[in-house]
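Asker: here is my input, please return the structure:
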Amino acid sequence: MDLEKPSAARPAAQAEGCLAVAIRIPVRIVVLVLVVPVRMAWDALVVGGRFLRDTLLRPLGRALGRALGWLARALFVWPWVALWRYVLLPVGAALARLGQVLLVVPAVWLYRTVLTPLGHALARVARGTGALLGWLFSGAVAALLWFLGGVVTAVDRVLGGVAAVWRHVYAWLFTPVGHAVAWLLKGVGTVLAAVAIGAYTVLAWLARYLLVVPAVWLYTWVLAPVGRAVGFLAGWFARIVRMIFVGIGAALYWTARVLLVLPALVVWRRILVPAGRALAVVAREVGEALGHAWRVAGYVSLAVGRFLARLFRWTFVEPARWAYRTVLTPVGHAVRDLVLKPAAEAARAVRRTARQALEAARESAWQARADFRRMLFGTPPEPQPLAGREPAAGETRTLGSSTTALMKD
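Answerer: Take a look at the predicted model:
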């Protein structure tokens, strides 16, 4: 029978190979036999671990945490708090008071009685000095401006005379000389241009027929045919070399294909792929069998655990409950009513008697001490009541009488 429902990832219509069908049931049986003890041991360890965690480790951890917290506070927090409260704060307050007395109060007194009047006097002196310096600076600036105005007027007159002389010299001397020099330079430039054009024409004709024409003839009739022949020979050589390398490459390709590729392809297709598919099927079935066996083992372990729990309950819990309800509870009530309550009443009576005896002994000791003091020092005087505090029974308090609380004296 099939131990697992068909999964959604593998439809029922999909055909399975004979290998999967052949190995499924044996593998699941073997895996179930091997996994059930492991799952039961695992569940037992989980239950034991949870019980140990809830009953021992968690309370121990809380207690250890509290102890470590208290120890940390005792070692690191409380000394610093005590140092801050009882050392640093009083010392700081004392230093602040000392600083106020030694620094702030003298500084305030010095500022109010010395520096403020001195500053006011210096400010008045500075204002007077500034006004005097401003008046002097204004007079000096006015005198300097008057002097500079005179100098500028004289310089302007001198420059006007120089400009008039320069205009006459330029009109009657430099202008004719410049015209003559320009006419002379124009003639010389015309002669030099004619000589340069002639020399350029001669040099261009010589360069054409001595350099350009022989170079063109050499390129057309010598270099071009030689280059074409060299190119043709290089092309044929390249074709021959390429044919040689193509033949060698084809030979190496077919040799490698026949000796390496085709055998490897045959091994891959005929051996490795079927073996891999078989291993994949086996691995898939083993994995599915492990999952199915782990779930089945969980149900088995749950059933065994419930059976053991019920057995423990029927064997120990129910008898213990019955014994507690039917035997221990009546016995406990009887012991409480017949033994514990009378013993408690007797203990309370003894405690009450002892308290009364102690009070009587204390009163006796007080009385003996009072008698001894009276014997040594005598009887102390009785306190006299103050008169006029309250009016008589027939009298009333009035604003005009002296029997009121405010006017009794």
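
Asker: which element follows the helix or strand containing Ala164 toward the C-terminus?
Answerer: Element membership of Ala164 [criterion: DSSP states H and E] is helix 116-169. Downstream of helix 116-169, the next assigned helix or strand under DSSP H and E is helix 175-207.

Asker: tell me the angle the helix holding Ala164 makes with helix 175-207.
Answerer: 80 degrees (axes from the mean of the first three to the mean of the last three Cα atoms, to 10 degrees).

Asker: burial of Val222, as a residue count?
Answerer: Neighbour count for Val222, taken as other Cβ atoms under 10 Å: 10. The way it works is simple: take the backbone N, C-alpha and C, and place the C-beta from them, glycine included.

Asker: what's the answer for Trp294, then?
Answerer: Residues near Trp294, counting by other Cβ under 10 Å: 16.

Asker: quick check, it in contact with Leu34.
Answerer: No - with contact defined as Cβ atoms under 8 Å, Trp294 does not reach Leu34; the gap is 10.8 Å.

Asker: what do the two both touch?
Answerer: When contacts are counted by Cβ atoms under 8 Å, 6 or more residues apart in numbering, Trp294 and Leu34 have no shared neighbour.

Asker: quick revisit: what mean pLDDT does the helix holding Ala164 get?
Answerer: In this model, helix 116-169 carries a mean pLDDT of 79.

Asker: in stretch 275-293, what counts as buried?
Answerer: 281, 285, 288-290, 292-293 (16 or more other Cβ atoms under 10 Å).

Asker: also stretch 38-52?
Answerer: Buried residues in stretch 38-52 (16+ other Cβ under 10 Å): 39-40, 43.

Asker: which of these lies closest to Leu252?
Answerer: When those are compared for distance to Leu252 (Cβ to Cβ), Arg39 wins out at 60.8 Å.

Asker: now that closest one: how far from His168?
Answerer: 131 Å (Cβ to Cβ, to the nearest Å).

Asker: let's have the buried residues of stretch 38-52 in a markdown table, adding distance to Gly231.
Answerer: A markdown table is the format used below for the buried residues of stretch 38-52 (distance: Cβ to Cβ, whole Å):
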| residue | distance to Gly231 |
| --- | --- |
| Arg39 | 86 |
| Met40 | 91 |
| Asp43 | 90 |
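
Asker: and the helices in the protein?
Answerer: In the chain, the segments counted as helices under DSSP state H are 18-52, 58-72, 78-83, 89-99, 105-110, 116-169, 175-207, 213-218, 224-256, 262-267, 273-312, 318-323, 329-335, 341-377.

Asker: how near is Phe232 to Val226?
Answerer: 11 Å.

Asker: again, but for Arg39
Answerer: In terms of Cβ to Cβ, Arg39 sits 94 Å off from Val226.

Asker: and what of Ala193?
Answerer: From Ala193 to Val226 the distance is 46 Å (Cβ to Cβ).

Asker: with Glu359 instead?
Answerer: In this view, Glu359 and Val226 are 149 Å apart by Cβ to Cβ.

Asker: equivalent analysis for Gly49, please.
Answerer: Distance from Gly49 to Val226, by Cβ to Cβ: 98 Å.

Asker: what do you get for Thr326?
Answerer: Thr326 is 133 Å from Val226, by Cβ to Cβ.

Asker: now do Val47
Answerer: 102 Å.

Asker: ok, Gly134 next?
Answerer: 102 Å.

Asker: also Ser301?
Answerer: 99 Å.

Asker: the two: which is more packed in?
Answerer: Ser301 (21 against 10).

Asker: quick check, that one in contact with Met40.
Answerer: Yes - proximity of Ser301 to Met40 meets the contact threshold set by Cβ under 8 Å, at 4.6 Å.

Asker: list the contacts for Ala293?
Answerer: 28, 31-32, 34-36.

Asker: try it again at 7 Å.
Answerer: 28, 31-32, 35 (Cβ atoms under 7 Å, 6 or more residues apart in numbering).

Asker: likewise for Gly298?
Answerer: Contacts of Gly298 by Cβ under 7 Å, 6+ apart are Arg39.

Asker: what's the neighbour count on Gln356?
Answerer: Counted with other Cβ under 10 Å, Gln356 comes out at 10.

Asker: how close does it get to Ala344?
Answerer: For Gln356, the distance to Ala344 - Cβ to Cβ - is 19 Å.

Asker: and for Leu185?
Answerer: 149 Å.

Asker: please apply the same query to Thr220.
Answerer: 145 Å.

Asker: against Ser138, how distant is Leu145?
Answerer: 11 Å.

Asker: also Val35?
Answerer: Taking Cβ to Cβ, one finds Val35 at 114 Å from Ser138.

Asker: more neighbours: which of the two?
Answerer: Neighbour totals were compared for Val35 and Ser138, and Val35 leads with 22 against 10 (other Cβ under 10 Å).

Asker: surely that one is in contact with Arg295?
Answerer: No - with contact defined as Cβ atoms under 7 Å, Val35 does not count as touching Arg295 (9.7 Å).
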